[in-house]
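>>> next come a sequence and a model predicted from it.
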Amino acid sequence: MRLSTLFGKTLRQPPAEAEIASHRLILRAALARPLAAGVYSYLPLGWRVIRKIEAIMRDEMDKIGGQEIHMPVLNPAELWKETGRYFAIGPELIRFEDRAERDFVLAMTHEEVVTDLARRELRSYRQLPFMVYQIQTKIRDEARPRGGLIRMREFLMKDGYSFHEDQKGLDEYYPLIHQAYKNIYSRCGLQVLDVEADTGMMGGTGSHEFILLSESGEDTVVICRNCGYAANVEAAKALKSDRVGQHAPPEAMKPVEEASTPGVKTIQQLTEFFSLPAQDFLKSVFYSAGGDLVAVVIRGDLDVNEAKLARALQSADFRFATDVEIAKAGGVPGFASPIGLKNVRVVLDDSVDADAFIAGANKPDTHLRNVHYPRDFKADIVADVALAQAGQTCCACGHEIELSRGVELGHIFKLGYKYSEAMGAKFLSPEGKEVIVIMGCYGIGVDRLLAAIIEQNHDDKGIIWPRSVAPFQVHLVALGVEDAEVAGVAEKLYLDLQARGCEVLYDDRAETTGVKFNDADLIGLPLRATVSRRTLDKGSIEIKPRTSQDFTLVKLDEAVEHIAGECL
RNA sequence: CGGGGUGUAGCGCAGUUGGUUAGCGCGCAUGGUUUGGGACCAUGAGGUCCCCAGUUCGAGUCUGGGCACCCCGACCA
């Protein structure tokens, strides 16, 4: 490709809206251009990278028996009603009617379509197992797109779906997917963290996320530097420290007594008022779940993890209760607890021991001392619903855990029977019995991966492409194109390299040295080859890797083979 | 969806208490001088000042409403 005719100009200054490194470089290097919030067009350079990434994904999927298919983005709403997601998912699912007033949606993922395909095709266990995948546009009307290609409303995803006879088959296949994903990242030059993830309402039996550690990430992961345990904070198990200090133990229980606490509402205020650590108080957080009031009771030093709460409640359909709803059940916001309340489901975090706590009295300006569980209140559910915190210790080895921000690059899931059951995807077993097929789903964002590669591979001059995904391998620079010999040699090199199978971006423009070298650094191809009067006087051209400050002179007649050796 | 910010030429920005023909740098076009790290000179093209309504003799500037984009948070199969 000649730079003089390449569609898309590099920018000296990035548009003011770009804040994170990959976003700025994607715009400056002319990889993509915005059309609307979270919607981008790819220019030739960016699209070549996308195609390289896709090729790696296809290769890894094919290696583990994946078969590429292609499913529509335009979906009849009927399918989504069958699984209930038409009603369960919020406005991020775009819904509309066609001209005949039939309900349609734009697919944000393809479990419904693929399960529908499966139930139509699948008859016998002899057809199992299989895994199909596609690289397809996904539409999600995200509340807040951000970070350029990090979070988009229209994006590309490689999504795969596996179908097995039984859990055992899925369990045996899952590690192959897991390894294929790791291969994809490493082949793209990325170091990603592989973490245990929340299976959420999917009801699955296993799930991993692949996280790029980055300050601009929107997920929080828990990491143990000692044993390597890593998990999304939504799923993370951590050992809650035991309470320290003096507490009335269960065998020495004193009667509950009221304490006047005028205006003291928050845990922070309580610790100051009583001069006691936060762990000696009971925090009660009220939720409204499907019309019921739920009180989540947790130690004062901990916060509620709503993903874990969803699992405990077996429903994600809840929100913070309003003060009115709390008052209706007899609670007094700021001084509330489950003690003495009726018609409230109580979820107790397993951090709450049998020793004495101070809790709300459901009476204005009043708390209660010597509250003991289970003497003074009962729990409907006891579970771990606490958010992991820095400073807690690893559930596997006891070492102190760290929290880190990250970007979710991929998510693999043992789906189980949720979709196949809802949609009746069944097959006949060897015994002639109808059996529901078990599914897995495996997603990885293509655009986001491109952004991640840049996040992890750039310097202050520009992108540093890993060879595997670089839009071209060689940036051929002709300095002083008015010099007929320079132009002639560069031109010949360009043609010869292409004939030899190298991907060459040829800067044939009549620009000054600084402009050309700065563009080469910005675009970031692995190898730069320079032809100038100065190199020709030595019968040579100059070769410089993007990653190095040093260059080497190579004789003209060896140039093609030398470069080919570096980039093929 | 809550909070904050920004909308003036392709990009980055300035524009005074409301006042004539809306500027600057970069980029772009033409000509010339240059040519190993974003060169220089000259000439030139390019604007619904986000939109609508209002106040005013007069609005980029003031008022009201709307829209778009960015950031933080909530949300996120």
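Arrived safely.
>>> so stretch A:396-408, near RNA strand B or not?
No. Interface with RNA strand B: stretch A:396-408 contributes nothing (CB under 7 Å from any atom of the strand), its closest point being 8.0 Å away. Quick note: C-beta positions are derived from backbone N, CA and C, even for glycine.
>>> next, the buried residues of that stretch.
Neighbour-count burial for stretch A:396-408, counted by 16 or more other CB atoms under 10 Å, picks out A:401, A:403-404, A:406-408.
>>> do stretch A:31-45 as well
Buried residues in stretch A:31-45, counted by 16+ other CB under 10 Å: A:31-32, A:34, A:38, A:40, A:42-43, A:45.
>>> which ones among those residues map onto strands?
Mapping the buried residues of stretch A:31-45 onto strands (DSSP state E) picks out A:32, A:34, A:40, A:42.
>>> wondering if stretch A:126-145 reaches RNA strand B at all.
Yes. Counting by CB under 7 Å from any atom of the strand, RNA strand B has neighbours in stretch A:126-145: A:138, A:140, A:142-145.
>>> PyMOL command to pick out the buried ones of the residues you listed?
Remark: buried members of the residues of stretch A:126-145 next to RNA strand B, expressed as a PyMOL selection using 16+ other CB under 10 Å:
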select buried, chain A and resi 138+140+142+145
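>>> the residues of stretch A:126-145 next to RNA strand B: which two are farthest apart?
Greatest spacing in the residues of stretch A:126-145 next to RNA strand B, by CB to CB: A:138 and A:144 (16.7 Å).
>>> quick one on the thing from earlier: could you dump the buried residues of stretch A:31-45 into TSV with pLDDT and distance to RNA strand B added?
Output for these, formatted as TSV (pLDDT from 0 to 100; distance: CB to the nearest atom of the strand, whole Å):
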residue	pLDDT	distance to RNA strand B
A:31	97	14
A:32	96	12
A:34	93	6
A:38	94	6
A:40	95	9
A:42	96	16
A:43	96	13
A:45	97	15
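>>> of the residues you listed, which is the nearest to residue A:330?
Nearest to residue A:330 among the buried residues of stretch A:31-45: residue A:38, at 45.3 Å, using CB to CB.
>>> and the gap between the closest one and residue A:27?
Distance, residue A:38 to residue A:27, by CB to CB, to the nearest Å: 15 Å.
>>> again with residue A:173
40 Å.
>>> looking at chain A, which residue is nearest RNA strand B?
Nearest residue of chain A to RNA strand B, counting by CB to the nearest atom of the strand: residue A:514, 2.2 Å away.
>>> and the residue nearest the centre of chain A, what does it touch?
Residue closest to the mean C-alpha point of chain A, counted by CA atoms, centre = their mean, is residue A:408 at 1.7 Å. Applying CB atoms under 8 Å, 6 or more residues apart in numbering, we find residue A:408 in contact with A:209-211, A:217-219.
>>> what segments of the stretch 1-150 of chain A are strands?
In the stretch 1-150 of chain A, the segments counted as strands under DSSP state E, counting those that start in this stretch are A:32-36, A:39-42, A:66-68, A:74-76, A:95-97, A:103-106, A:130-139.
>>> what helices or strands is the fifth one leaning on?
It refers to strand A:95-97. strand A:103-106 (3 or more CB pairs under 8 Å, 6 or more residues apart in numbering; DSSP states H and E).
>>> using CSV, write down the CA coordinates of the strand it packs on.
Taking C-alpha atoms only, strand A:103-106 is exported to CSV below (Å, rounded to 0.1, in the frame of the first residue of the first chain):
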residue,chain,number,x,y,z
ASP,A,103,-41.9,-7.2,17.3
PHE,A,104,-38.2,-7.4,16.5
VAL,A,105,-34.9,-6.9,18.4
LEU,A,106,-31.4,-6.2,17.4
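>>> buried ones in that strand?
Going by neighbour count (16+ other CB under 10 Å), the buried part of strand A:103-106 is A:104-106.
>>> just the strands in the stretch 301-450 of chain A please.
Per DSSP E, counting those that start in this stretch, the stretch 301-450 of chain A carries strands over the ranges A:318-320, A:344-349, A:357-360, A:366-371, A:381-383, A:393-394, A:402-416, A:426-428, A:434-436, A:438-445.
>>> re the thing from before, ok but the residue of chain A closest to RNA strand B is inside a strand, no?
No. Applying DSSP: H, G, I helix; E, B strand; the rest coil, one finds residue A:514 to be helix, outside a strand.
>>> ok, residue A:394 - contacts?
Residue A:394 sits next to A:224, A:226-227, A:229, A:238-239, A:400-401 when contact means CB under 8 Å, 6+ apart.
>>> now the residues you listed: which count as buried?
Buried residues within the contacts of residue A:394, counting neighbours by 16+ other CB under 10 Å: A:224, A:229, A:238, A:401.
>>> state the phi and psi torsions of the third one.
I take that to be residue A:238. Phi and psi for residue A:238, reported as degrees, to the nearest 10, are phi -140, psi 150.
>>> ok, it touching residue A:390?
No. Using CB atoms under 8 Å, residue A:238 makes no contact with residue A:390, being 9.6 Å away.
>>> with adjacent residues omitted, what lies nearest to residue A:487?
Excluding its sequence neighbours, the residue lying closest to residue A:487 (CB to CB, 6 or more residues apart in numbering) is residue A:481, at 4.8 Å.
>>> correct me, but that neighbour touches residue A:506?
No. Here residue A:481 does not reach residue A:506: they are 10.7 Å apart, not a contact under CB under 8 Å.
>>> need the residues touching each of those two.
Residues touching both residue A:481 and residue A:506 (CB under 8 Å, 6+ apart) are residue A:490.
>>> any idea whether residue A:155 is helix, strand or coil?
strand.
>>> excluding its backbone neighbours, what's nearest it?
The shortest distance from residue A:155 to any non-neighbouring residue, by CB to CB, 6+ apart, is to residue A:447 (5.0 Å).
>>> could you do residue A:233 as well?
Leaving aside its sequence neighbours, residue A:233 sits nearest to residue A:220 (CB to CB, 6+ apart; 4.2 Å).
>>> contacts only, for that neighbour.
By CB under 8 Å, 6+ apart, the residues touching residue A:220 are A:232-233, A:403-406.
>>> cool, and residue A:370?
Residues near residue A:370 by CB under 8 Å, 6+ apart: A:248, A:253-257, A:356.
>>> out of these, list just those in strands.
Of the contacts of residue A:370, the ones assigned to strands by DSSP E are residue A:257.
>>> least confident of the contacts of residue A:370?
Least confident of these in the model: residue A:248, at 71.
>>> does residue A:140 really touch residue A:107, like I thought?
No. Applying CB under 8 Å as the test, residue A:140 and residue A:107 come out as separate, 9.5 Å apart.
>>> ranges for the helices of the stretch 351-500 of chain A?
Per DSSP state H, counting those that start in this stretch, the stretch 351-500 of chain A carries helices over the ranges A:418-423, A:446-456, A:484-499.
>>> most tightly surrounded among these?
Of all the helices of the stretch 351-500 of chain A, helix A:446-456 has the most neighbours on average by mean count of other CB atoms under 10 Å, namely a mean of 25.
>>> mean confidence for it?
pLDDT averaged over helix A:446-456 gives 96.
>>> isn't residue A:405 right next to residue A:214, touching?
Yes. Counting by CB under 8 Å, residue A:214 is a contact partner of residue A:405 at 6.5 Å.
>>> so how far is residue A:440 from residue A:126?
Relative to residue A:440, and taking CB to CB, residue A:126 is found at 20 Å.
>>> looking at the two, which is more packed in?
Using other CB atoms under 10 Å, the more surrounded residue of residue A:126 and residue A:440 is residue A:440, with 26 against 8.
>>> give the contact list for the more buried one.
A:161-162, A:164, A:170, A:173-174, A:177, A:412-415.
>>> OK, contacts around the residue lying closest to residue A:353 once chain neighbours are set aside?
Closest residue to residue A:353 apart from its sequence neighbours, by CB to CB, 6+ apart: residue A:243 at 6.7 Å. Residues counted as contacts of residue A:243 (CB under 8 Å, 6+ apart) are A:279-280, A:299, A:353, A:355.
>>> got a list of what residue A:403 touches?
Per CB under 8 Å, 6+ apart, neighbours of residue A:403: A:220-223, A:233, A:388-390.
>>> what do you get for residue A:345?
Applying CB under 8 Å, 6+ apart to residue A:345 gives the contacts A:289, A:292-295, A:380-381.
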